[in-house]
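J.: give me a 3D structure for the following:
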Amino acid sequence: MPLKEITDRLDEIFGLTEATTQKVVVVYSGRFQPAHRGHYETFTNVLKEFPHADVFIGTSDKVDLPKSPFNFKEKKQIISKMFGVKSNQIKQIKNPYGPKEILEKYPEDTVYITVVGKKDAERLGKGKYFDFYAKGDEEMEGYPEKGYIFIAPENNTLYKGVPLSGTVVRDTFSNADEAEKEELFKTLYGKLDKKIFKLITSKIKLDESLNEATKLGFSKDQQKTIATYLKKLGYKSIETFNDSVLADYEDFGETKSINIERGRRDAYSDKRKNGQDNLTFVIRGENEDYPVENRWGQKVDDLDAQIKEMLELIKGSM
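T.: Predicted coordinates:
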């Protein structure tokens with residue numbers, strides 16, 4: 001048997017190839033605020049794992065300061081310019097786990113595979129729609145009925161001994177001097193591109209006042225109170241930070257999220273323009289310029305009382 005026939009047969013047995021009758025679409029979704037080398041390493045690993053699939057990067061146009069300062073056009077510019085990813089592989093989507101903007105262009109027997117980290121994989125795997133991807137499985141269903149989870153390899157990229165993340169990137173660019181910013185940029189992208197450097201530093205610089213504002217944060221006890229209440233309401237994947245509590249829940253197969261922060265923003269609650277998928281509640285910080293207030297702008301003596309009022313509003317929003 002000729003060598004090519006042997007290798008083709010092995011590909012059919014051990015991986016998804018062009019010999020597979022079903023089309024396969026793989027989507028690596030994320031916030032990419034901003035995209036960095038760790039993200040690109042994940043993307044290249046996915047390309048190697050699925051050499052015959054259509055592989056895309058999916059991200060939204062959502063801007064939510066201070067943690068999401070880049071819109072879709074800016075994220076696409078960074079990814080294509082710094083990593084050479086083709087522009088037609090970078091797609092704007094609303095739902096990271098249901099990228100209909102990509103899938104609706106394919107026949108319904110197309111296999112859909114989402115690329116996620118271990119934590120998200122555990123959460124998604126508990127639902128009814130997603131199953132875990134098994135290499136060589138020849139009986140996968142089309143995307144209207146079923147999606148498949150591929151767990152991305154852990155990102156081992158470090159910056160000054162700390163795992164690289166969007167939070168590390170934003171904090172460093174917000175507080176570092178010019179030399180340290182350039183050092184970080186070279187770590188993220190391997191070279192200094194002045195145009196992209198200016199884009200990233202200018203966008204994150206705009207958020208410095210908000211970054212300072214949210215450092216007020218919740219106490220550990222307040223975080224625990226909020227998390228416990230959200231669990232009782234059915235929210236899942238609850239995370240606590242030094243400045244906020246973030247939780248997700250599923251509604252009719254779509255993932256929705258709520259973000260609770262303590263800072264100085266004017267808004268108390270905000271239902272996003274792109275539907276009711278995301279709901280942000282903000283607790284005002286207590287200082288001489290911005291006393292603790294309720295949602296009507298009235299002073300309240302007890303921050304915990306304000307939190308209780310906010311939680312009741314969340315209950316009423318579900």
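J.: can you give me the helices for this structure?
T.: For the chain, applying DSSP state H gives helices covering 3-14, 37-49, 72-83, 100-103, 118-124, 166-175, 178-189, 194-205, 208-213, 220-232, 303-317.
J.: A134: which of these is closest?
T.: Relative to A134, the nearest member of the helices of the chain by C-beta to C-beta is helix 3-14, separated by 11.5 Å. All C-beta atoms are positioned from the backbone trio N, CA, C, and that covers glycine.
J.: what about the closest one, average pLDDT?
T.: Mean pLDDT, computed over helix 3-14, is 57.
J.: coming back round to it: okay if I get the helices of the chain as CSV plus distance to K94 and mean neighbour count?
T.: Converted to CSV, those look like this (distance: least, C-beta to C-beta, whole Å; neighbours: other C-beta atoms under 10 Å):
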stretch, distance to K94, mean neighbour count
helix 3-14, 35, 11
helix 37-49, 20, 18
helix 72-83, 11, 19
helix 100-103, 7, 16
helix 118-124, 17, 15
helix 166-175, 19, 18
helix 178-189, 27, 17
helix 194-205, 22, 16
helix 208-213, 24, 16
helix 220-232, 23, 15
helix 303-317, 20, 15
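J.: rank the ones you listed by pLDDT, which is bottom?
T.: Out of these, helix 208-213 stands lowest, with a mean of 40 (criterion: mean pLDDT).
J.: beta partners of V115?
T.: Y28, F150 (DSSP bridges).
J.: where does it land on pLDDT?
T.: 97.
J.: V27 is in contact with that one, correct?
T.: Yes: with contact defined as C-beta atoms under 8 Å, V115 and V27 form a contacting pair (6.8 Å).
J.: now the helices of the chain in JSON lines, with distance to N156?
T.: Output for these, formatted as JSON lines (distance: least, C-beta to C-beta, whole Å):
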{"stretch": "helix 3-14", "distance to N156": "26"}
{"stretch": "helix 37-49", "distance to N156": "8"}
{"stretch": "helix 72-83", "distance to N156": "18"}
{"stretch": "helix 100-103", "distance to N156": "29"}
{"stretch": "helix 118-124", "distance to N156": "14"}
{"stretch": "helix 166-175", "distance to N156": "14"}
{"stretch": "helix 178-189", "distance to N156": "13"}
{"stretch": "helix 194-205", "distance to N156": "23"}
{"stretch": "helix 208-213", "distance to N156": "27"}
{"stretch": "helix 220-232", "distance to N156": "29"}
{"stretch": "helix 303-317", "distance to N156": "37"}
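J.: minimum distance to F150: which of these has it?
T.: Ranking those by their distance to F150 (criterion: C-beta to C-beta) puts helix 37-49 first, at 7.2 Å.
J.: now that closest one against helix 178-189, angle please.
T.: Here the directions of helix 37-49 and helix 178-189 differ by 10 degrees (axes from the mean of the first three to the mean of the last three C-alpha atoms, to 10 degrees).
J.: against which helices or strands is helix 37-49 packed?
T.: For helix 37-49, the packing partners by 3 or more C-beta pairs under 8 Å, 6 or more residues apart in numbering; DSSP states H and E come out as strand 24-29, strand 54-59, helix 72-83, helix 178-189.
J.: let me have these in a markdown table, adding distance to N45 as columns.
T.: Listed next are these as a markdown table, based on distance: least, C-beta to C-beta, whole Å:
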| stretch | distance to N45 |
| --- | --- |
| strand 24-29 | 10 |
| strand 54-59 | 11 |
| helix 72-83 | 13 |
| helix 178-189 | 18 |
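J.: and the helices of the chain: which comes nearest Q92?
T.: helix 72-83 (4.6 Å).
J.: alpha carbons of that closest one, in PDB - could you do that?
T.: What follows is helix 72-83, C-alpha atoms only, in PDB (Å, rounded to 0.1, in the frame of the first residue of the first chain):
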ATOM      1  CA  PHE A  72     -14.300  44.300  18.200                       C
ATOM      2  CA  LYS A  73     -12.600  46.300  15.500                       C
ATOM      3  CA  GLU A  74      -9.700  47.100  17.800                       C
ATOM      4  CA  LYS A  75      -9.300  43.500  19.000                       C
ATOM      5  CA  LYS A  76      -9.300  42.300  15.400                       C
ATOM      6  CA  GLN A  77      -6.600  44.800  14.500                       C
ATOM      7  CA  ILE A  78      -4.400  43.600  17.400                       C
ATOM      8  CA  ILE A  79      -4.800  39.900  16.600                       C
ATOM      9  CA  SER A  80      -4.300  40.200  12.800                       C
ATOM     10  CA  LYS A  81      -1.500  42.700  13.000                       C
ATOM     11  CA  MET A  82       0.600  41.200  15.800                       C
ATOM     12  CA  PHE A  83      -0.100  37.500  15.200                       C
END
